[in-house]
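# Pasting a predicted model and its sequence here:
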Amino acid sequence: MLSACAAPFDDRDKLLWIISGKATEGLWKGDHSQCQSANEAITKTWKAKLSPANTVFQAEMLALKAAIEWANTANEDVNIWSDSESSLQALKSFNVKSKITQEAQITLLENARIRLGWVKAHTGIKGNEIADTLAKEATTDGIPASLPFPKSFLKKQLLQLSLSRWQAEWDNGETGRSVYSIIPKISNKQLHWSRECIQFATGHGPFPSYLKRFGLHSTDYCGCGEIGNPLHYATRCPLTLSYHHKEPSPQFIVHWWKSALSRKLSRRNIDNLITFLATNEDLIKSQNTTPSHTPA
């Protein structure tokens, strides 16, 4: 939301513009500008509101531009104060892509009687406080203002759309179901899983239960006689006692997987387990096509 007002500044009839910028409640982003005289007589106010897609910087710069345009028609010295340091710095920059900033710069170059200054927000400056009040009012009665949406908004929308489609594919897919139970919600944050942890989670590693599918083992049983899958080697196999985790109850298996792969120390132990299995394949390989005993 944007607002502005104008008033005489001193005995020489200079105009003082007090510009303050802020993000208001909810999704609306905005800023406001206000002018006030030494005797606190407000001669003009202006309020506007932008789309939730616009940035705080855009709102602040629009208010500054409005103040500069008004000051350009005053035919006298004008001091413009703003609590938006980023906007003031942008007006000093030679490398500006924002159209409203460029337009404000052109006006400033053409009129040397307009001066800009910075004031700290929320320090009891009367004009700045009134500007804050006007900004809140602009949420309901501000003039709608239209500015192009920033690239950041487009990137955010595309990211959300991509994540939504990715989640739908993950929910309804046929592959990766073992991992789906561990990670049901997709994210663009890196999990920091090692190659060994990925093999463990997917079951696509040095496990008889996996290798048999490709004819690399004659059976999916371990040398100890039980099915040679990841959970077996991590909790039950007597050949891998050094790498054992506590065996979970059937109702807590999913929680066990999530816990084992979320803790750094546990992941390191899994790395060592997979390395051991890969380098000791003959030790764990069953020499029979049938189990040596019935699994407990």
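The structure has been received and is ready for your questions.
# For stretch 181-200, measure first residue to last.
Terminal residues of stretch 181-200 lie 14 Å apart, using C-alpha to C-alpha, to the nearest Å.
# mind listing what's buried in that stretch?
Going by neighbour count (16 or more other C-beta atoms under 10 Å), the buried part of stretch 181-200 is 182-183, 186, 193, 196-197, 199-200. Placement of C-beta: from N, CA and C, glycine included.
# just stretch 144-159 next, same as before
Neighbour counts over stretch 144-159 (16+ other C-beta under 10 Å) mark 145, 147 as buried.
# With just CA atoms, put it into PDB.
Provided in PDB are the C-alpha atoms of stretch 144-159 (Å, rounded to 0.1, in the frame of the first residue of the first chain):
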ATOM      1  CA  PRO A 144      -5.200   0.300  -7.300                       C
ATOM      2  CA  ALA A 145      -1.700   0.700  -8.900                       C
ATOM      3  CA  SER A 146      -0.400  -1.700 -11.600                       C
ATOM      4  CA  LEU A 147       3.200  -2.600 -11.900                       C
ATOM      5  CA  PRO A 148       4.700  -5.600 -13.900                       C
ATOM      6  CA  PHE A 149       5.200  -8.600 -11.700                       C
ATOM      7  CA  PRO A 150       8.900  -9.200 -10.900                       C
ATOM      8  CA  LYS A 151      10.900 -12.100 -12.200                       C
ATOM      9  CA  SER A 152      11.100 -13.500  -8.700                       C
ATOM     10  CA  PHE A 153       7.300 -13.900  -8.700                       C
ATOM     11  CA  LEU A 154       7.400 -15.800 -11.900                       C
ATOM     12  CA  LYS A 155      10.200 -18.100 -10.700                       C
ATOM     13  CA  LYS A 156       8.300 -18.800  -7.500                       C
ATOM     14  CA  GLN A 157       5.100 -19.600  -9.400                       C
ATOM     15  CA  LEU A 158       7.000 -22.000 -11.800                       C
ATOM     16  CA  LEU A 159       8.700 -23.600  -8.800                       C
END
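# what sits up against it?
Here stretch 144-159 makes contact (C-beta atoms under 8 Å, 6 or more residues apart in numbering) with 2, 48-51, 53-55, 58, 62, 99-100, 188.
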